[in-house]
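# got a predicted model here, sequence first, then my questions.
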Amino acid sequence: MSQKITTARYIVGKEKFEILVKADPAFDFKMGKKSNIDEVLAVDEIYVDASKGMRASEDKLMKAFQTKDIMKVAEVILKKGELLLTSEQRKRLIEDKKKQIISFIAKNYVDPKTNLPHPPIRIEQALAQAKVSIDPFKDVEEQAKIVIERLRTIIPLKTGRVKLRVRVPAMYSAQAYGILKSYGEIVDQEWGADGGLTATIELPIASQSALLDKLASLTKGSAQVTPVE
């Protein structure tokens, strides 16, 4: 099967520079999964207009990049410039970003009627119903704020944080401490003479139920958890 070719471009001042690259290796390079630029280039040339085959002069390369080394220039173009994605790559990026947004909402928002998170499948269905467009390059949290306002017309969403006082017997304290750190911010902690742990944790309200289940499973129900006003 022939390798798909696409373009990467970078603008320096008023000058545009382009390279022809192998689509999938270039995508991996852009995402930090590949480091050898020579495996990415489809043609060892720097263009001012790749579609017309117009090559950049050495003078222009020196002025813009302080080098005429094709590999060094190509690396700058691909790292700092825009990679034109294939439809398959764009679809894959959108799906990945959608999963990240759904995960963010599930971890930080609850149904106000139950104070429990909406199941991820319900959030995904609401996204489809609201016809929300996902930007594959936009920050998850920044984009989630916009998405959530759209979703609130379909499913109720509430956010907030809670504080819990947790007491764990010594035999479970080390593991419990790791669990607490993974779910929220430990505001204070006390270690008893016997090795038992007492800690106050602040966490998203949506994570409370999962934390309680995790602690109950670890400590066989011996952990004591009380809300902090």
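Looks like it came in fine.

# now for the nearest residue to Leu212 once chain neighbours are set aside, how many residues are close by?
Leaving aside its sequence neighbours, Leu212 sits nearest to Val225 (C-beta to C-beta, 6 or more residues apart in numbering; 6.2 Å). Quick note: C-beta positions are derived from backbone N, CA and C, even for glycine. Neighbours of Val225 under the rule other C-beta atoms under 10 Å: 15.

# just Gly81 next, same as before
Gly81, neighbours per other C-beta under 10 Å, totals 19.

# quick one: it and Gly196, what's the gap?
In this view, Gly81 and Gly196 are 56 Å apart by C-beta to C-beta, to the nearest Å.

# same check, this time on Leu93
Look at Leu93 and Gly196: by C-beta to C-beta, they are 47 Å apart.

# which helix in the protein runs the most residues?
Of all the segments of type helix in the chain, defined by DSSP state H, the longest one is helix 87-108.

# what lines up beside the next helix or strand after that one in the sheet?
Counting by DSSP states H and E, the next helix or strand C-terminal to helix 87-108 is strand 109-110. According to DSSP bridges, strand 109-110 forms sheet pairs with strand 158-159 (antiparallel).

# strand partners of the helix or strand just after the strand it pairs with, parallel vs antiparallel please.
Next in sequence after strand 158-159, counting helices and strands by DSSP H and E, comes strand 161-168. Strand 161-168 pairs in its sheet with strand 197-204 (antiparallel), strand 224-227 (antiparallel), by DSSP bridges.

# most tightly packed of those?
strand 197-204 (a mean of 19; mean count of other C-beta atoms under 10 Å).

# mind exporting that one as CSV, just the C-alpha atoms?
The C-alpha trace of strand 197-204 is given here as CSV (Å, rounded to 0.1, in the frame of the first residue of the first chain):
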residue,chain,number,x,y,z
LEU,A,197,-3.6,7.6,59.2
THR,A,198,-6.0,10.4,59.8
ALA,A,199,-6.3,12.9,56.9
THR,A,200,-8.5,15.6,55.4
ILE,A,201,-8.9,15.4,51.7
GLU,A,202,-10.6,17.9,49.3
LEU,A,203,-11.8,16.5,46.0
PRO,A,204,-14.4,17.0,43.3
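
# low-confidence ranges in this protein?
1-2 (pLDDT under 70).

# domains in it, as residue ranges please.
Domain assignment for the chain by automatic domain parsing gives 5-83, 87-158, 160-227.

# from the opening residue of the last one to its closing one, how far?
Here the two ends of domain 160-227 are set 14 Å apart, with distance taken as C-alpha to C-alpha, to the nearest Å.

# thinking again about what came up before, export the strands paired with strand 161-168 as JSON lines, with columns for distance to Leu20.
Formatted as JSON lines, the strands paired with strand 161-168 follow (distance: least, C-beta to C-beta, whole Å):
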{"stretch": "strand 197-204", "distance to Leu20": "46"}
{"stretch": "strand 224-227", "distance to Leu20": "59"}
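
# between the ones you listed, which gets nearest to Ile37?
Nearest to Ile37 among those is strand 197-204 (41.7 Å), distances taken as C-beta to C-beta.
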